[in-house]
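Asks: show me the folded form of this:
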Amino acid sequence: MPSLVSVLTLLLAAAIPPARPPARPAESPGTASSSYPSAEALGHYAQARLAEEQREDVDALAEYYRVLASDPRSLSASRGVSKLAARQGEAARSLEFADRALAVDPGDAASLWLKGSALFNLGRGAEALETLGQATRADTSQGDYWLTLARVAEHLDRIPIVARAYRRLVALDEDDAEAWFQLAAAEARLAHYGAADSALGRAIELNPARPGQLFLRGWIRESTGRRGEAITLYLRHLELHPDDQVTRARLVEVLERERRYREAYDEARRVTRARPGDLDALETEADLAFKLDLAREGAAALDRMRQARPDDPATVSRAMSVLSRNGRGREALALAETWARARASDYRGEMLIAQAYAADHSTDSALAHAARAVEAAPDSLAPRILLGHLYQDGKRYGDAERVWVETVRRYPEIGGVGLDLAYCREQRGDLDGAERAAREVLKHHPDDPTALNFLGYLFADHDRNLGEAEQLVTRALDQEPDNGAFLDSLGWVYYRLGRLAEARLRLERAAELTGDPVVHEHLGDVYKDLKLFELARDQYNRSLARDSTNSRVRTKLSEIR
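Replies: Model prediction:
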């Protein structure tokens, strides 16, 4: 199933034009050059502006060039060429003349905006975002600058910046319905559901017929636990947009979570009829069919999956997963064995059989077939990863460590394997060995955010090297500022340092983003130390709701009752 964020992105994409400057950029009063070396140059500038206003771009460019021939440092003429080049889709030339203007006045907001727009259209998104930020700081009153910043940030998935830009846009024009709608969408993606609902209400007040508002209201309702209302809103949206299979797939997931399996199945079949090659949709249809004891229909959906990609073991693996989670482990094993017999020399058959046994909790058989896959393809990475994870999932960390050591020796550049080795060593109590393994990954990949976060969290969780831990996790967050796991790590570092207010801020955000039981436990610990016992109880209960086996959290909860 697509995630909420991806659904919203797809739904709204058609309503968001590309991140180019508007055809007629705003002027910044007082920035155009007011003195020219001759009356002739001034006349050429006047003619350029007149031609530009009349959309006679070729004549306007010719006049601007005549101004620059007389005055190469003319800010207004360089900026004029940059604007016209942007309007004609010539990003490289727009950038060249924006830079010429900035050489004259490095703080000119309009030139910074033009440069940022050109950089983005040249595929240099990170530079564009920085430059557009400078433009909005240089002149906070220009809505065009904020709108371009929002669109570039949206493209780069920098949602906090998107939200900040639209907040400024609605402050500049409180009747801008589209800005209110986009603000609502950004706030929802940040899990600020109260703010999202408020912004959406204003957007609907200004434009009740805006496409997408029913879906967005449904998303907000779903995300705040009001799934029945969300279902109603999604259905109303689909009455207006019956071909919107992205929203229909979202509806299927919510119906399934509400255990309304028959309705979910009927909607899922509508999706697969519209998108017969969509493996995600077919998998969902099969899963729901088995839940309804429609074995023949479920098998037929899995057959369509495999027919779409008959030689792809990943597709077979997905079909096996559907069978296994619906209590059909023997059928999953038979499927794996059939694929393997037809391709006797392909080591991936042994891997499929291993996966089938693992799903059926036949660990020894799974390990035996995974080991055969390694023997059949000793130079392949995938069988070794499967074997290592099978040992790891069975808590046989010593055996897993041996697999990871050999795999790291063969593939030192694969960072994920090194982190698996570090994890196993941590589980065995070898913290120094875990640190060495993580640092080895960072030697090969010094800016890898996952490795930075792993080592930082390792230190925080074991209350050591906390200064370095803060630096490591901060570097990870610089790259992924909305990563809930990274925010949890930083919050846990601050907790260990006794900086409870900062810990609370990060962990509250992490809990919103992840819903992870460990994050709720961490936040509960912060509340407990702040003597906010009611809030602490709530977080411990949330943790237990997601992991009822955690005796440590249960003990913490009992201590504050």
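
Asks: so what's the residue count around the closest residue to Leu240 other than its chain neighbours?
Replies: Closest residue to Leu240 in three dimensions, ignoring its sequence neighbours and counting by CB to CB, 6 or more residues apart in numbering: Leu214, at 7.3 Å. For glycine as for every other residue, the C-beta is placed from the backbone atoms N, C-alpha and C. Around Leu214 there are 21 other residues, counting by other CB atoms under 10 Å.

Asks: which stretches of the stretch 1-150 of the chain form helices?
Replies: With helices called from DSSP state H, counting those that start in this stretch, the stretch 1-150 of the chain shows them at 4-13, 39-53, 57-70, 75-87, 91-104, 109-121, 125-138, 143-155.

Asks: ok, which of those comes nearest Gly225?
Replies: Taking CB to CB as the measure, the helices of the stretch 1-150 of the chain were each checked against Gly225, and helix 4-13 came out nearest at 13.6 Å.

Asks: average pLDDT across the closest one?
Replies: Helix 4-13 shows a mean pLDDT of 39.

Asks: and for stretch 176-189?
Replies: Taken as a whole, stretch 176-189 has a mean pLDDT of 96.

Asks: check stretch 313-326 too.
Replies: Summarised as a single mean, pLDDT over stretch 313-326 is 96.

Asks: hmm, who's touching that stretch?
Replies: The set of residues that contact stretch 313-326 without belonging to it, under CB atoms under 8 Å, 6 or more residues apart in numbering, is 279, 283, 286-287, 290-291, 298, 302, 305-306, 308-309, 329, 331-332, 335-336, 339, 346, 348-349, 351-352, 355-356, 359-360.

Asks: can you flag which of the residues you listed belong to helices?
Replies: The helices in this structure, assigned by DSSP state H, contain 279, 283, 286-287, 290-291, 298, 302, 305-306, 308, 329, 331-332, 335-336, 339, 348-349, 351-352, 355-356, 359 from the contacts of stretch 313-326.

Asks: hmm, which of the residues you listed are the buried ones?
Replies: Using 16 or more other CB atoms under 10 Å as the burial test, the ones in helices among the contacts of stretch 313-326 include 279, 283, 286-287, 290-291, 298, 302, 305-306, 329, 331-332, 335-336, 339, 348-349, 351-352, 355-356, 359 as buried.

Asks: circling back: what sits against the residue nearest to Leu240?
Replies: Neighbours of Leu214 in contact, by CB under 8 Å, 6+ apart: Leu233, Tyr234, Arg236, His237, Leu240.

Asks: domain assignment for the chain?
Replies: What automatic domain parsing lists as the domains of the chain is 1-157, 211-308, 449-561.

Asks: how long is the last one end to end?
Replies: One end of domain 449-561 to the other measures 39 Å (CA to CA, to the nearest Å).

Asks: mind giving me the PyMOL select for the contacts of Leu214, buried ones only?
Replies: Taking 16+ other CB under 10 Å as the burial criterion, the selection of buried members of these in PyMOL is written as:
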select buried, resi 233+234+237
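
Asks: just the contacts of Leu214: which are in helices?
Replies: In helices, judged by DSSP H, the following of the contacts of Leu214 are found: Leu233, Tyr234, Arg236, His237, Leu240.

Asks: nearest to Val441, of those residues?
Replies: Among those, Tyr234 lies closest to Val441 (CB to CB), at 42.9 Å.

Asks: where are the low-confidence patches of the chain?
Replies: 1-41 (pLDDT under 70).

Asks: what are the buried residues along stretch 204-221?
Replies: Buried positions in stretch 204-221, judged by neighbour count with 16+ other CB under 10 Å: 204, 206, 210-221.

Asks: scratch that, stretch 45-64
Replies: The neighbour-count criterion (16+ other CB under 10 Å) identifies Tyr45, Gln47, Ala48, Arg49, Ala51, Glu52, Ala60, Leu61, Glu63, Tyr64 as the buried residues of stretch 45-64.

Asks: ok, of those, which one's closest to Asp244?
Replies: Nearest to Asp244 among the buried residues of stretch 45-64, counting by CB to CB, is Glu52 at 41.2 Å.

Asks: and the closest residue in space to Leu497 that isn't next to it in sequence, how many residues sit next to it?
Replies: Spatial nearest neighbour of Leu497, chain neighbours left out: Leu466 (5.5 Å); criterion: CB to CB, 6+ apart. Residue crowding around Leu466 was assessed by other CB under 10 Å; the count is 17.

Asks: for the ones in helices among the contacts of Leu214, please prepare a markdown table with the additional fields distance to Leu119.
Replies: Listed next are the ones in helices among the contacts of Leu214 as a markdown table, based on distance: CB to CB, whole Å:
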| residue | distance to Leu119 |
| --- | --- |
| Leu233 | 39 |
| Tyr234 | 39 |
| Arg236 | 41 |
| His237 | 37 |
| Leu240 | 38 |
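
Asks: if I look at Leu169, how far off is Lys115?
Replies: For Leu169, the distance to Lys115 equals 21 Å [CB to CB, to the nearest Å].

Asks: can you check Arg66 too?
Replies: Here Arg66 is placed at a distance of 24 Å from Lys115 (CB to CB).

Asks: those two: who's more crowded?
Replies: It is Lys115, of Arg66 and Lys115, that has more neighbours when counted by other CB under 10 Å, with 26 against 18.

Asks: residues contacting that one?
Replies: Contacts for Lys115 (CB under 8 Å, 6+ apart) come out as Ser82, Leu95, Ala98, Asp99, Leu102, Thr131.

Asks: how about those residues, which pair is most distant?
Replies: Pairwise distances across these (CB to CB) peak at 12.8 Å, for the pair Ser82 and Thr131.

Asks: which of these two has more residues huddled nearby?
Replies: Taking Ser82 and Thr131 together and counting by other CB under 10 Å, Ser82 has the greater number of neighbours (31 against 24).

Asks: quick one: contacts for the nearest residue to the more buried one once chain neighbours are set aside?
Replies: By the measure of CB to CB, 6+ apart, the closest residue to Ser82 outside its immediate chain neighbours is Phe97, 3.9 Å from it. In this structure, Phe97 makes contact with Ser78, Arg79, Val81, Ser82, Ala85, judged by CB under 8 Å, 6+ apart.
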